[in-house]
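Student: sequence plus the predicted model coming up.
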Amino acid sequence: MERVIEKSGEFTELKDILRKHDTLSSNLEDLIEKSTEMGDKLDSLKQHFYSMVIKNDEATMRYTNIIADLTWKKETAMSNHQKWESLWTHIQNTAARNVLLLGRVKMATENIYIQIYKQRGLPPKEAESVDDQLKKIKTYIKDLTDIIVESSKQEKQPKEVFDRLAARIK
């Protein structure tokens with residue numbers, strides 16, 4: 001030990017070396033204890049980190065499922081919207097065609113109605129409803145049919161009677 005004291009210029013007595021040894025041993029024990037504590041704390045933090053990662057993954061999966069469900073609902077709603085929009089367009093187109101057809105029928109009815117009055121030599125009455133015009137047209141056709149039937153019974157020549165009626169109508 002004396003050689004250590006001689007070579008190391010730091011220590012002058014054996015007591016100094018023993019005190020330094022005790023201090024270093026105490027420091028080593030403290031450091032080992034602290035290292036163990038820090039290792040335990042690190043393990044605890046790692047476990048906490050991994051549990052947070054798992055929770056995060058679960059939340060991500062849950063939100064992904066929610067997004068998928070909402071996307072499916074959106075696509076279903078859009079499909080229904082397109083279906084109903086198409087149906088509405090079809091209804092509007094059908095209604096427009098029917099309105100045009102009704103207008104053509106009303107115009108044809110009025111034209112026939114006017115021709116009947118012209119045939120009779122009377123001015124047509126204005127502002128009669130289509131139903132009234134159709135009733136008068138029906139009555140006129142029935143009257144013409146009765147005339148044709150009566151004439152054909154009397155003359156037994158329906159072609160001539162028809163030609164005469166056709167000439168009257170023109």
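Tutor: Alright, I've got the coordinates.
Student: quick check: the gap between Leu134 and Ile141.
Tutor: 10 Å (C-beta to C-beta, to the nearest Å). Every C-beta, even on glycine, is put in place using the N, C-alpha and C of the backbone.
Student: neighbour count: those two, which is higher?
Tutor: Leu134 (15 against 12; other C-beta atoms under 10 Å).
Student: avg pLDDT for the helix or strand where that one lies?
Tutor: Here Leu134, judged by DSSP states H and E, is contained in helix 130-155. The average pLDDT within helix 130-155 is 84.
Student: quick one: buried residues of that helix?
Tutor: 133, 136, 140, 151 (16 or more other C-beta atoms under 10 Å).
Student: Three-state assignment for Lys74, please.
Tutor: Secondary structure for Lys74, judged by DSSP: H, G, I helix; E, B strand; the rest coil, is helix.
Student: pLDDT below threshold where in this structure?
Tutor: 1-12, 127, 154-170 (pLDDT under 70).
Student: next, the spatially most central residue of it: secondary structure please.
Tutor: Using C-alpha atoms, centre = their mean, the residue of the chain that lies closest to the mean C-alpha position is Met78, 1.6 Å off. Secondary structure state of Met78, per three-state DSSP, is helix.
Student: again with Lys125
Tutor: coil.
Student: picking up where we left off before, same list (the buried residues of helix 130-155) but as CSV, adding distance to Tyr113.
Tutor: Compiled in CSV, the buried residues of helix 130-155 are given as follows (distance: C-beta to C-beta, whole Å):
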residue, distance to Tyr113
Gln133, 4
Lys136, 6
Tyr140, 9
Ser151, 25
